[in-house]
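**Q** starting from these lines, generate the structure:
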Amino acid sequence: MLVKVYGSAIFGVSAQTITIEVNVDTSGVGYHLVGLPDNAIKESSYRISAALKNVGFKIPGKKITINMAPADLRKEGSAYDLSIALGILAASDQIKAEHIGEYIIMGELSLDGGLLPIKGVLPIAIKAREEGFKGIILPKQNIREAAIVDQLEVYGIENIKEVIDFFNEDIPLERTILDTRKEFQDKINFFPFDFSEVKGQETAKRAMEVAAAGGHNIILIGPPGSGKTMLAKRLPSILPPLTMKEALETTKIHSVAGKIGTETSLMTVRPFRSPHHTISDVALVGGGSYPQPGEISLAHNGVLFLDEMPEFKRTVLEVMRQPLEDREVTISRAKFTVNYPASFMLVASMNPSPSGYFPDDPNNTSSQFEMQRYMNKLSGPLLDRIDIHIEVQKVEFEQLADKRKGETSDGIRNRVLKAREIQTERYKDTEIHYNAQMGPKEIEKFCELDETSKNLIKIAMEKLNLSARAYDRILKVSRTIADLELTETLNSSHISEAIQYRSLDREFWSV
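**A** Residues are numbered from 1 along each chain as shown. Take a look at the predicted model:
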């Protein structure tokens, strides 16, 4: 008897339905699994055999042929255990097969028949709804994630016996229904960190506000203990809240990577990713033999923080150049290509020198050669993609001992939101969303300068030895500063503040 059961495979951040055809033939003995399964799927026969035996069923001693279609597409992982097991039971008349084709069925079996969680549930559920399936049956640990998708019946199970009883005896499974929008709204403004906890550093906090308002990448330069990491961790609390569309995009990526907790459904806060400096190229960008999203994709719609940026391998830093421009990563293999979104804000930090002090600090023991070698770890093209360079000075004792709270993240975020609304209206007929994405044409159109401002930039470039690449960056940041002040026209005060955010272009930082 031939039975078809449906599962799903993940490619990039999307799913593709897999048809699992199970044929049980009485004229022979054997177990044949075809359709490009990997080793984890080939080993499923042992898990299935033990699981079925422990719930009172068995794999029949007949010729069993299982085909996973499309047969030219490689299938990976242990998530097909449940669908293969039910296919075998249905094809051998141990359970009824009338309605089995109405559901996507996925789950990894343990030897006692229990179900273990799987990855990529959200894109699988979205694909199931698109293709008109009645529902999805999967491990109980994954139900909140799948329940994000409406118009789809979601059933979570703890043991394969529950599904067998569902198809055999019409014992109903418990359906999970989630009010996604209510849960989204309830948690959208929850942040573990707040800017009111930062002592002093008013200049750096202002730079972070400007970066958040215009979507600018930023690098913080300061000695150890000055608060660079503390500032970076609080950036998500002043960024605009995730929209429902952004939340779904972000959740899909984390779902594929298996980063969604059992108590989590939809991600409601912008992600903050902080990889260690020993990270490899592939772990940062994504890829591998069986491609998985990297840290820059996990930071999509959020913040990627590179602490002590010069300590990262240069090759790791250089692979970020293309994603910073294109806001997506393309992983190519001989037989397929996958795309991962990677629209993130880059926040980096570094010491001013190998000794940890600024070049003009009396405590600095680094030679000019050591300084040059340290700074040469950051290439010009990479720094060219970072709009704001801000020096973070050591916090004085009086500031640390001050019991007064600083401005809260809520107050800063309100100004950021107003600036973003102006940008949304300005770029409504383009593919640009915020000032950091402006190209030469938009800069020329939206960053007109009066004579005073032109002279100010000219003097700055000559006196501070600013590089030519700093010019466009100054104009972009000036545009954001003007938006924060709700001003349409750029003036000299906006330009002068933006010039202060180009520390690494000055002569003593020259790379």
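
**Q** C-alpha from now on. contacts and neighbour counts both.
**A** OK.

**Q** could you pull up the residues touching Met208?
**A** Neighbouring residues of Met208 by CA atoms under 8 Å, 6 or more residues apart in numbering: 218, 231, 235.

**Q** which residues of the stretch 51-200 of the chain fall in helices?
**A** With helices called from DSSP state H, counting those that start in this stretch, the stretch 51-200 of the chain shows them at 81-91, 121-130, 143-146, 160-169, 180-187.

**Q** the stretch 401-511 of the chain now?
**A** Using DSSP H, counting those that start in this stretch, helices in the stretch 401-511 of the chain cover 409-426, 440-446, 451-463, 470-484, 492-499.

**Q** I'd like to know which elements the third one is packed against.
**A** In other words, helix 451-463. If contacts are counted by 3 or more CA pairs under 8 Å, 6 or more residues apart in numbering; DSSP states H and E, helix 451-463 sits against helix 492-499.

**Q** coming back round to it: to Ser366, which of the helices of the stretch 401-511 of the chain lies closest?
**A** Ser366 lies closest to helix 451-463 among the helices of the stretch 401-511 of the chain, at 25.2 Å (CA to CA).

**Q** can you give me the angle that closest one makes with helix 470-484?
**A** Interaxial angle of helix 451-463 relative to helix 470-484 (axes from the mean of the first three to the mean of the last three CA atoms, to 10 degrees): 140 degrees.

**Q** can you give the contact residues for helix 451-463?
**A** Taking CA under 8 Å, 6+ apart as the rule, helix 451-463 contacts 466-467, 471, 491-492, 495-496, 499.

**Q** and the angle from it to helix 492-499?
**A** Using the same axes, to 10 degrees: helix 451-463 against helix 492-499 is 20 degrees.

**Q** which parts of helix 451-463 are buried?
**A** Neighbour-count burial for helix 451-463 flags 453, 457, 460-461 (criterion: 16 or more other CA atoms under 10 Å).

**Q** what do you get for stretch 172-191?
**A** 173, 176-178, 180, 184, 188.

**Q** ends of it, what's the gap?
**A** End-to-end distance for stretch 172-191, by CA to CA, to the nearest Å: 40 Å.

**Q** same question for stretch 433-447.
**A** Terminal residues of stretch 433-447 lie 16 Å apart, using CA to CA.

**Q** go on, stretch 148-165?
**A** Using CA to CA, the two ends of stretch 148-165 sit 26 Å apart.

**Q** so which residues make contact with it?
**A** Contacts of stretch 148-165 (CA under 8 Å, 6+ apart): 55, 82, 86, 95, 109, 113-115, 122, 125-126, 128-129, 133-143, 146-147, 171, 173-180, 265-266.

**Q** can I have the buried ones of these as a ChimeraX selection?
**A** Applying 16+ other CA under 10 Å to those, the buried members can be selected in ChimeraX as follows:
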select :55,82,86,95,109,113,114,115,122,125,126,128,129,133,134,135,136,137,138,139,140,141,142,143,146,147,173,176,177,178,180,265,266
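
**Q** about what we covered before: closest one of the contacts of Met208 to Lys199?
**A** Leu231 (10.2 Å).

**Q** measure the most centrally placed residue in the chain to Gln322 for me?
**A** Computing the C-alpha centroid of the chain and ranking residues by CA atoms, centre = their mean puts Leu298 first, at 2.2 Å. Relative to Gln322, Leu298 is positioned 16 Å away (CA to CA).
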